[in-house]
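Student: what follows is a predicted structure for the sequence shown.
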Amino acid sequence: MSRDSATDGASRGGVGPYVAAVRAHKVVVAVIALVTLLAAVAWIALRPPSYEATAQMLVTPLSQDDQDFLGLQLLRDSGDPTRTVETAATLVDANDAAQTTARRLGGDWDLEKVREAVSVQPEGQSNILAVTAKADDAQEAARVANTFVRAALTSRNKQLTRQVSDEVARLRTARAALRDASDPAATELASRIDRLSSVALRGDPTLRLSQAATPPVEASGVKPQLLIPLALIAGLALGVGAAVLLEVTDPRVRSEDELRAIYPLPVLVRIPMLSRRERTRAQAGAWAMPPAVREAFRTVLAQLEAGGQPDRTLMITSASSGDGKTTSAISLALAMANAGHRVVLMDFDIRKPDVGRALGIDSERPMHALLDPEITDHFKELLTPAPHVPLLSVLTTGGPGEPVHLDALTRRAAELIGQARASAEFVVIDTPPLGEVSDALRIAHEVDAILLVAKPGHTNRTHLEVTRDLLERTGRTPTGYVVVRDTNVPLSTYYYGHGMHAARGEELERIHVAGTRQASPPR
């Protein structure tokens, strides 16, 4: 299966838009993935180690009907174990415990730092509280956790001692009010006083240390061997997201399929995209054109001649500037001339006349010469032979700095094109991009065929839609697309170049003259 076929198949699937976006912006995806990966590596290398140690506290709530500890703020069974343990966590994780911990740890420990380092959470669905401390040293993490648990128990015991003292004082007062010490009520009060006093000595019966924290053997957090793949996956996901966003907001036509979906036209030929060096060589002379490009335009000529009566006057336009229409017009004219046809190449891109410069023609002709009412008498004087290609004549529209009256020159287009048709077998007209300015629209009805140059990855989508709408409203349909694209065809091969080295301009002129004489009827 070819690459294009695979792409078309993927485009029909659910991942098609994502595949297309990644292919169109693969550099963006690669850069984002690489930056994310490097950030993860730098974080692993520069972050301080973090250790976690956990001490466990056992929660044993009192039953709801317990009478021994009436008047004391102790944990009682609420009927919901989870809520009971959460209440215990609130009691343990108090500012008093944190403040005592900071004082006992010393150094740079303070209330805020202890609060950031220690967390108290229920452990699953059990009656265990996990007191977890973080530090940059394993021993320190265990010390902080154990210190906090002891401080929390000390704080609870102090509160309980105060409450017991108050309750015992109240009970003693009540017992003294009874005159008979053998009264059962007095005996019960004495028993409660003894039990409460023993509780004050033992501490809070609902909370106790179950397991002390031990120093962890390794740092906490995601392991480097896992973090690197995760960072790479995250980077690729971010890169794909960025590529899709760029694709959605990109105004350019991305593919040939999208091109034909917007404006359904046949593709006459696919032109290999030239490098900067190849474009410079192509402008240096007709014979420096890469063989693959020359062969592509010979293919266009063959299609134009296939009908028996070829279209003699061709308008070359595009939807957007920079699509390659001027280079295509020049290349097609050269292909025709190289095939032995007399050709007039007309530069009607008045706002940006580049044909003469590209062919090395320095025209000093004043612009008003093209507006001369007597132009029909000296049209051939306005033509300039292309260097090294005698069969190709060029009509330029003026030199730099000379203003052009667009409407006046456009009104003379029909007359100029008629004179060019009488002077040559083929007339190739380079016009402005129709999707940006309407100059070419007035010429459209004066030509036999229109070729639309497009460059996927560059052609503006909106400009192509404008071009389509303008041509449809005027009743003209282009013959087809000349697609400029990055293909796999090499620009220079033996097969394309074989047999193309011998002919020169003078020889083509002789061939043309001889062919004309042979075709003429005998006198």
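Tutor: Yep, it's here. Residues are numbered from 1 along each chain as shown.
Student: pull up the gap between the closest residue to residue 178 other than its chain neighbours and residue 194, please.
Tutor: Excluding its sequence neighbours, the residue lying closest to residue 178 (Cβ to Cβ, 6 or more residues apart in numbering) is residue 186, at 4.4 Å. In this view, the C-beta of every residue, glycine as well, is placed from N, C-alpha and C. Taking Cβ to Cβ, to the nearest Å as the measure, residue 186 falls 13 Å from residue 194.
Student: what are the ranges of the helices in the stretch 251-400 of the chain?
Tutor: Assigned by DSSP state H, counting those that start in this stretch, the helices in the stretch 251-400 of the chain fall at 256-262, 276-284, 291-305, 325-338, 355-358.
Student: wait, which of the ones you listed is closest to residue 71?
Tutor: helix 256-262 (81.6 Å; Cβ to Cβ).
Student: please identify the buried residues of the closest one?
Tutor: Using 16 or more other Cβ atoms under 10 Å as the test for burial, helix 256-262 gives 256, 258, 259, 260, 262.
Student: of these, closest to residue 475?
Tutor: residue 262 (19.2 Å).
Student: list the contacts of the closest residue in space to that closest one that isn't next to it in sequence.
Tutor: Leaving aside its sequence neighbours, residue 262 sits nearest to residue 464 (Cβ to Cβ, 6+ apart; 5.3 Å). By Cβ atoms under 8 Å, 6 or more residues apart in numbering, the residues touching residue 464 are 253, 259, 262, 263, 319, 320, 435, 454.
Student: could I have the buried ones of these as ChimeraX selection syntax?
Tutor: Burial among the contacts of residue 464 is assessed by 16+ other Cβ under 10 Å; the matching ChimeraX selection reads:
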select :253,259,262,263,319,320,435,454
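Student: which of the contacts of residue 464 fall within strands?
Tutor: Members of the contacts of residue 464 lying in strands (criterion: DSSP state E): residue 454.
Student: quick one, helices of the stretch 51-200 of the chain?
Tutor: 81-92, 95-105, 111-117, 138-176, 184-202.
Student: same question for the last one, mean pLDDT?
Tutor: When you say that, I think you mean helix 184-202. The average pLDDT within helix 184-202 is 77.
Student: stretch 393-404 now?
Tutor: 65.
Student: likewise for stretch 352-363?
Tutor: pLDDT averaged over stretch 352-363 gives 82.
Student: only the buried residues of it, if you could.
Tutor: Buried, per 16+ other Cβ under 10 Å, within stretch 352-363: 353, 354, 355, 356, 357, 358, 359, 363.
Student: how about the fourth one: what's its closest non-neighbour residue?
Tutor: Pointing back at residue 356 there. Per Cβ to Cβ, 6+ apart, closest to residue 356 is residue 396, 4.0 Å.
Student: could I get the phi/psi values of the one you found?
Tutor: Per-residue torsions, residue 396: phi -90, psi 160 (degrees, to the nearest 10).
Student: distance of it from residue 75?
Tutor: Remark: distance between residue 396 and residue 75 (Cβ to Cβ) = 98 Å.
Student: swap in residue 217?
Tutor: Residue 217 is 34 Å from residue 75, by Cβ to Cβ.
Student: same deal with residue 462?
Tutor: 71 Å.
Student: more neighbours: these two, which one.
Tutor: residue 75 (19 against 13; other Cβ atoms under 10 Å).
Student: and the more buried one, what does it touch?
Tutor: Contacts of residue 75 by Cβ under 8 Å, 6+ apart are 59, 61, 62, 84, 87, 88, 91, 206, 207.
Student: for residue 482, pull up the helix or strand it's in.
Tutor: strand 480-485 (DSSP states H and E).
Student: that strand: partners in the sheet, and parallel or antiparallel?
Tutor: strand 267-272 (parallel), strand 449-454 (parallel) (DSSP bridges).
Student: list the buried residues for the first one?
Tutor: By neighbour count, and taking 16+ other Cβ under 10 Å as the criterion, the buried residues in strand 267-272 are 268, 269, 270, 271, 272.
Student: can you pull the contacts of residue 335?
Tutor: Residue 335 neighbours (Cβ under 8 Å, 6+ apart): 294, 297, 298, 300, 301.
Student: please name the nearest non-neighbouring residue to the third one.
Tutor: In this case it means residue 298. residue 335 (5.2 Å).
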